[in-house]
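Student: Provided below are the primary sequence and the corresponding predicted coordinates.
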Amino acid sequence: MPAFHVPAGAGDLVRTPSGVLLPADIDPFHRRLHRIAPASLIGQTTQTSGMRRLEAVSGKTVGAQHLWMGQTHVPGATNSGNHHHGASETAIFVVSGTPVFVFLDLEGDEPVETRVQTAPGDYVFVPPYVPHREENPDPDTEAVVVIARTTQDAIVVNLDTLDWSAVTRDSPVNSDR
């Protein structure tokens, strides 16, 4: 049997069928990598008008416990509805198109609608509860982004406006206002 490393403080160990010793609290589902092919992405997640979310890494797809990851597609010359992602921190990577992310900047004397212009290769960070929308000003190119969230669920709270007055820390996990 080959040598193996067991982390210090691993506690009780179990032997796998292949003879490897592992900490007992690592369940069989979390001992391997999971590949999610593009054709396997799930579209049955909470949606916002003007965009389509596809789920890739989640509890449903790979048994993730603390992470949600997927894609968002915004057709040319389309704006999404206003929304926020509850307690999730959201990281966005722009794959194609030139999407614009719009939010209300509250740091001045008056709230100001602010536009963050992006291009392929850019990253955007969306803090928890921040109302925003995606816009795709290009009539010919679909905007595609990869998103990752710090909560395992794809929290989406759709809003009528970018105004913070509809945002509460106890917003439902997924809603279609």
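Tutor: Arrived safely, thanks for sending. These numbers come from a predicted model, not from an experiment. Numbers count the residues shown, from 1 in each chain.

Student: going by C-alpha atoms from here, please, whenever you check contacts or count neighbours.
Tutor: Fine.

Student: Val167: what's it in contact with?
Tutor: 129, 131 (CA atoms under 8 Å, 6 or more residues apart in numbering).

Student: go again using 10 Å as the cut-off
Tutor: Each residue near Val167 by CA atoms under 10 Å, 6 or more residues apart in numbering is listed here: 83-84, 86, 129-131, 157, 159.

Student: same thing with Asp105?
Tutor: 111-115, 130.

Student: now these as JSON lines including neighbour count and pLDDT?
Tutor: Listed next are the contacts of Asp105 as JSON lines, based on neighbours: other CA atoms under 10 Å; pLDDT from 0 to 100:
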{"residue": "Pro111", "neighbour count": "12", "pLDDT": "93"}
{"residue": "Val112", "neighbour count": "12", "pLDDT": "96"}
{"residue": "Glu113", "neighbour count": "13", "pLDDT": "97"}
{"residue": "Thr114", "neighbour count": "14", "pLDDT": "98"}
{"residue": "Arg115", "neighbour count": "17", "pLDDT": "98"}
{"residue": "Val130", "neighbour count": "21", "pLDDT": "97"}
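
Student: with respect to Val95, which of those residues is nearest?
Tutor: Val95 lies nearest to Arg115 out of the contacts of Asp105, by CA to CA, at 18.7 Å.

Student: thanks a lot, see you next time.
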